[in-house]
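Undergrad: Following is a predicted model, sequence given first.
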Amino acid sequence: MLNHNSLQEVGKEGLIEDRHNNKLYIGNLDHRVTEYHVIKMFSPFGKICCEEYMWHTHGPKRGEPRGFAFVEFNKREEAERAKENMNGKLAFGRPLVVRFVDEKVFMSTSNALSYAAEVQTAPVAANLLSPPCFPTSRSAKIAAIQNKLKVMEEEDRRENGASRSKVARISS
């Protein structure tokens, strides 16, 4: 029996078992990375029983890669080893994001900045990688974060201003 909300199966003994505990999400893939590259990068860590490379199916980008894939291993240990070794590795100049499909991801701004710093020094993965990543300067990163905060503050002011005007209209 399948519980669609949590993607878990109820086994013969009535115990809930996770269906995808060996399945990894592979994100931030460059458009030049192919299914072959994904399999070649992840096969050294164990037997891959399923690989799903995601493509755009509608619109102007139809037939182009979506920038992520899923790889399922036979054993959890193999998937863990692949995640540990491949998360943050560069593929065609972009750091791979590797995590379990059932893993929750909460990243604060400070974690994102430390992750970006780790990625800058991450070793290059396998023989699939072409031009080196051109890191952005620290001041450019700070400016981008400041601009994003400014935009968020403006959106917040607009939302709060709109809600205050609604309250004023209701109370009068």
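TA: Arrived safely. Everything quoted here is computed from the prediction, not taken from an experiment.
Undergrad: Next, the distance between the ends of stretch 87-100.
TA: For stretch 87-100, the first-to-last residue distance is 11 Å (C-alpha to C-alpha, to the nearest Å).
Undergrad: quick check: mean pLDDT across that stretch?
TA: Across stretch 87-100, pLDDT averages out at 95.
Undergrad: Next: stretch 43-63.
TA: Summarised as a single mean, pLDDT over stretch 43-63 is 93.
Undergrad: which residues touch it?
TA: The contact list for stretch 43-63, computed with C-beta atoms under 8 Å, 6 or more residues apart in numbering, reads 22-23, 34-35, 38-39, 42, 64-75, 77-79, 81-82, 85-86. (Each C-beta comes from the backbone N, C-alpha and C, glycine too.)
Undergrad: Which residues does stretch 67-84 contact?
TA: Against stretch 67-84 from outside (C-beta under 8 Å, 6+ apart): 20-31, 35, 38-39, 42, 45-54, 98-101.
Undergrad: at 7 Å instead, please
TA: 21-29, 38, 42, 45-54, 98-101 (C-beta atoms under 7 Å, 6 or more residues apart in numbering).
Undergrad: quick one: buried residues of that stretch?
TA: 67, 68, 69, 70, 71, 72, 73, 78, 79, 80, 82, 83 (16 or more other C-beta atoms under 10 Å).
Undergrad: Bridge partners for the fourth one, pull those for me.
TA: Okay, so that is residue 70. Beta bridges link residue 70 to residue 25, residue 52 when assigned by DSSP bridges.
Undergrad: Which pLDDT value goes with it?
TA: 96.
Undergrad: The first one too?
TA: What the model reports as pLDDT for residue 67 is 95.
Undergrad: Find the helix or strand that it is a member of.
TA: Following DSSP states H and E, one finds residue 67 within strand 65-73.
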